[in-house]
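the amino acid sequence is not available; the structure is as follows:
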């Protein structure tokens, strides 16, 4: 699990950098400033949580128990829901996708809480 989360974190960081560059260069002339800001928020939070996935991978090798795995799963789900919905909203203009974004935010919060629980030696 530690290698899987570490690899997923590295891949997510790669894609976050690519999304940021895509937004800054290819989308700058095509999206309104408010939709470009939405896209950039997705890329920024993807990068933050790519680092969270790296931390979950490290924690899985250091702290026993299921909490690091739970954290990694929540970070991955949060990235898909939060950043993915923001990317789709910015590119499509479908405002209803904004209703999905808070679910990703909750997953991110749960991931950080699980990582803290792991570090404090928590057990289920």
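It's in. Remember, it's a predicted structure, so these values are computed and weren't measured experimentally. Numbering: from 1, shown residues only.

tell me which residues touch the spatially most central residue of the chain, please.
Closest residue to the average C-alpha location of the chain: residue 79 at 3.0 Å, with CA atoms, centre = their mean. By CB atoms under 8 Å, 6 or more residues apart in numbering, the contact list for residue 79 reads 12, 45-46, 49-50, 104. Yep, even glycine has a C-beta here, placed from its N, CA and C like the rest.

inside helices: which ones of those residues?
The helices, defined by DSSP state H, take in 12, 45-46, 49-50, 104 from those.

can you pick the most crowded of the residues you listed?
With neighbours taken as other CB atoms under 10 Å, the top of those is residue 49, carrying 28 neighbours.

chain neighbours aside, what residue packs nearest to it?
Take residue 49 and drop its neighbours on the chain: the residue closest to it by CB to CB, 6 or more residues apart in numbering is residue 75, 4.8 Å away.

buried ones in the helix or strand hosting the one you found?
Element membership for residue 75 (DSSP states H and E) is helix 67-78. For helix 67-78, burial by neighbour count (16 or more other CB atoms under 10 Å) applies to 67-78.
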